[in-house]
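Participant: Just a sequence and a predicted model for now, questions to come.
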Amino acid sequence: MRAETVPGGGSPANDSLYEDHKKVYPAAVQGTFRKIKWGLLIACLGIYYLLPFVRWDRGPGHPDQAVLIDFPNRRFYFFFIEIWPQEVYYITGLLILAALALFLMNALAGRVWCGYLCPQTVWTDLFLAVERWTEGDRRDRMKLDQAPWTADKVGRKAAKHALWLMIAWWTGGAWVLYFADAPTLVRDLLFFDAPLVAYIWIAILTGTTYVLAGFAREQVCIYMCPWPRIQAALTDEWALNVSYRVDRGEPRTSMKTAEKLRAAGEDAGDCIDCRQCVVVCPTGTDIREGIQLSCIQCGLCIDACDNVMDKVGRPRGLIAYDTDINIERREQGKPEIYRFVRPRTVLYVAVIAIVAAVMVFALTTRATVGVNVLHDRNPVFVVNSDGSVRNGYTVRILNKDREARDFVLAVEGLPAGAHLDVNGPEKMVDGKPVLSVEPDQTRELRVTVLTPKGTPLPTSTPVVFSVRETVTGETAAAKDFFKAP
């Protein structure tokens, strides 16, 4: 707030830099897009709340939860897919795919993600349904807020907030179930035997869900979320957006006046200025003023307008998903055209396909064994008193499998007459050491290579350390050098 002096010595006037916030009371509406939103809401919440309880058999001794982020064992399980900590690039790939999919959705139908699938929209819709059930529709809620506090008002408000908190609590509780065996954790939570961190995260997520879905609502979409501002830079005139068809709706007037104008042969728009498109909007946006940052493209104003058009005997579609191009073409008397396949969408689809193909290839061809070699640095080599040369290495064998396995260690490229010495092999096969590695473990061992006195040696000889699994034959290799004076 800033104060300014009125010229002529008048009293100061307050000019607000921001419009005062007005509570939005969205009215209930029935129609095609409302049904779509209900279907997606049930599907999304059903997946989120129930997925931790879905089982997937991975064999004895292994978790049978279909989707599990197993921090103690450093694993992420998604049905038949198992991701290891060193494979964080898969997470990067998934984030890239999600971003590209969002860009593609925007290029085809604007903020369709915001209107139907965004968690803020889904939970806000659920909270609004609870609010209507406990307090009534738009007019009833407005009257209730303005009415004095009575037992009925207290009861309705208490019931609403109790249900909100219950939903928010279960939202936080469902989240932590993805990090431990769900049935076990539920039992531990009920008997207060769960880890403290579980209760902390449930409390945090309960609070954020309760505040964001119950109170912040449209303010999250308008002020907190960056996507509306990014989306404006990504859309074009070919993208479908919820649009008020000005060419058909204007000049707007009352229904009776419109009938008189049409009877007199004068122009009259189909819009009767009933404002139903505004009162059903969850962000309070008047779509007749054009596409705005606050519009989440949910389509509820389309349902409201179609219902009004049915009542007044005018064609549906005064508000509809449309493109800027078609609005201009209709004003010019040209037929509508739609162009979903264009360079922008082709590029997004191509990049999505490439990234997905790379991830699938990497996932299906990845190895379950690895080997790393670290050459001694100080000293790089040792000349013994008898004239022989010795190099030392630290070899790490990684077993990514869920079963203990045996590996045969071999070194190729050693100078003639060189002798390989390994500490702690369980057995030897054809003169090569066999080493056992526990499941999901790395075994580190010291390897020494010794060349006899008088062996002609270059200053650096390439060598390859390889391991081979004794049952499946799976191999892995790492390159290094044998150093000499």
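Facilitator: Nice, I can see it.
Participant: Let's see the pLDDT reported for residue 254.
Facilitator: pLDDT recorded at residue 254 is 81.
Participant: which residues sit in contact with it?
Facilitator: 272, 273 (C-beta atoms under 8 Å, 6 or more residues apart in numbering). C-beta here means a position set from N, CA and C on the backbone, and glycine is covered the same way.
Participant: same thing but 6 Å
Facilitator: Contacts of residue 254 were listed using C-beta atoms under 6 Å, 6 or more residues apart in numbering, and they are residue 272.
Participant: now it: how far from residue 233?
Facilitator: Distance, residue 254 to residue 233, using C-beta to C-beta, to the nearest Å: 40 Å.
Participant: just residue 22 next, same as before
Facilitator: With C-beta to C-beta as the criterion, residue 22 and residue 233 are 29 Å apart.
Participant: again with residue 354
Facilitator: Remark: distance between residue 354 and residue 233 (C-beta to C-beta) = 23 Å.
Participant: Of those two, which one has the most company?
Facilitator: More crowded of residue 354 and residue 233, by other C-beta atoms under 10 Å: residue 354, with 11 against 7.
Participant: And the more buried one, how close does it get to residue 140?
Facilitator: Distance from residue 354 to residue 140, by C-beta to C-beta: 53 Å.
Participant: What of residue 103?
Facilitator: In this view, residue 103 and residue 140 are 41 Å apart by C-beta to C-beta.
Participant: what do you get for residue 279?
Facilitator: Taken as C-beta to C-beta, the span from residue 279 to residue 140 is 13 Å.
Participant: Likewise for residue 269?
Facilitator: From residue 269 across to residue 140, the span is 32 Å (C-beta to C-beta).
Participant: before we move on, what about residue 43?
Facilitator: According to C-beta to C-beta, residue 43 stands 29 Å off from residue 140.
Participant: what distance separates the longest helix seen in the chain from the centre of its chain?
Facilitator: In the chain, ranked by residue count with DSSP state H as the criterion, the top helix is helix 151-176. Centroid separation for helix 151-176 versus its chain: 26 Å, with C-alpha atoms, centre = their mean, to the nearest Å.
Participant: and if you look at stretch 475-485?
Facilitator: Computed by C-alpha atoms, centre = their mean, the chain-centroid distance of stretch 475-485 equals 43 Å.
Participant: For it, buried residues please.
Facilitator: 476, 478, 480, 481, 482, 483, 484 (16 or more other C-beta atoms under 10 Å).
Participant: So which residues make contact with it?
Facilitator: Outside stretch 475-485, the residues that touch it by C-beta under 6 Å, 6+ apart are 367, 369-373, 375, 380-381, 389, 391, 457, 459-468.
Participant: Repeat the analysis, applying 8 Å as the threshold.
Facilitator: Here stretch 475-485 has contacts from 367, 369-373, 375, 380-381, 383, 389, 391, 393, 413-415, 418, 449, 451, 457-469, using C-beta under 8 Å, 6+ apart.
Participant: And the residue lying farthest from the centre of the chain, how far from residue 417?
Facilitator: For the chain, the residue at maximal distance from the C-alpha centroid (C-alpha atoms, centre = their mean) is residue 386, at 64.8 Å. Residue 386 sits 14 Å away from residue 417, going by C-beta to C-beta.
Participant: does residue 107 count as helix, strand or coil?
Facilitator: helix (DSSP: H, G, I helix; E, B strand; the rest coil).
Participant: If I look at it, what pLDDT would I see?
Facilitator: 90.
Participant: Quick check, it in contact with residue 343.
Facilitator: No: taking contacts as C-beta atoms under 8 Å, residue 107 lies outside contact range of residue 343: 10.1 Å.
Participant: Comparing the two, which shows the higher neighbour count?
Facilitator: A direct count of neighbours by other C-beta under 10 Å for residue 107 and residue 343 places residue 107 higher, at 21 against 7.
Participant: circling back: between residue 279 and residue 140, which one's more packed in?
Facilitator: Regarding residue 279 and residue 140, a neighbour count based on other C-beta under 10 Å identifies residue 279 as having more, with 17 against 13.
Participant: So what does that one look like in phi/psi?
Facilitator: Main-chain torsions, residue 279, degrees, to the nearest 10: phi -70, psi -20.
Participant: any low-confidence regions in this structure?
Facilitator: Applying pLDDT under 70 to the chain picks out residues 1-21, 424-426, 430.
Participant: Residue 393 - nearest residue in space that isn't next to it in sequence?
Facilitator: In this structure, residue 393 finds its nearest non-sequential neighbour in residue 447, 4.5 Å apart by C-beta to C-beta, 6 or more residues apart in numbering.
Participant: Is there a neighbour count for residue 143? I'd like the number.
Facilitator: 11.
Participant: same question, the one 5 residues further on
Facilitator: For residue 148, the neighbour count with other C-beta under 10 Å is 5.
Participant: I'd assumed it was in a helix, is it?
Facilitator: No: the assignment for residue 148 (three-state DSSP) gives coil, which keeps it out of a helix.
Participant: how much space between it and residue 154?
Facilitator: As judged by C-beta to C-beta, residue 148 and residue 154 stand 11 Å apart.
Participant: Give the helix, strand or coil label for residue 295.
Facilitator: The local conformation at residue 295, judged by three-state DSSP, is coil.
Participant: Restricting to C-alpha, output stretch 260-280 in CSV.
Facilitator: The C-alpha trace of stretch 260-280 is given here as CSV (Å, rounded to 0.1, in the frame of the first residue of the first chain):
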residue,chain,number,x,y,z
LYS,A,260,-35.9,-8.8,-30.5
LEU,A,261,-32.8,-7.9,-32.4
ARG,A,262,-32.9,-11.1,-34.5
ALA,A,263,-36.6,-10.6,-35.2
ALA,A,264,-35.7,-7.1,-36.5
GLY,A,265,-32.9,-8.5,-38.7
GLU,A,266,-30.2,-7.0,-36.6
ASP,A,267,-27.0,-8.7,-35.3
ALA,A,268,-27.2,-10.4,-31.9
GLY,A,269,-24.6,-12.6,-30.3
ASP,A,270,-25.3,-16.0,-28.7
CYS,A,271,-23.8,-14.9,-25.4
ILE,A,272,-26.6,-13.8,-23.0
ASP,A,273,-24.1,-12.6,-20.4
CYS,A,274,-25.3,-15.2,-17.8
ARG,A,275,-21.7,-15.5,-16.4
GLN,A,276,-22.1,-19.2,-15.8
CYS,A,277,-18.7,-19.7,-17.4
VAL,A,278,-17.2,-17.6,-14.7
VAL,A,279,-19.0,-19.0,-11.7
VAL,A,280,-18.0,-22.6,-12.5
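Participant: Please identify the buried residues of it?
Facilitator: Those would be 268, 269, 270, 271, 272, 274, 276, 277, 278, 279, 280, for stretch 260-280 by 16+ other C-beta under 10 Å.
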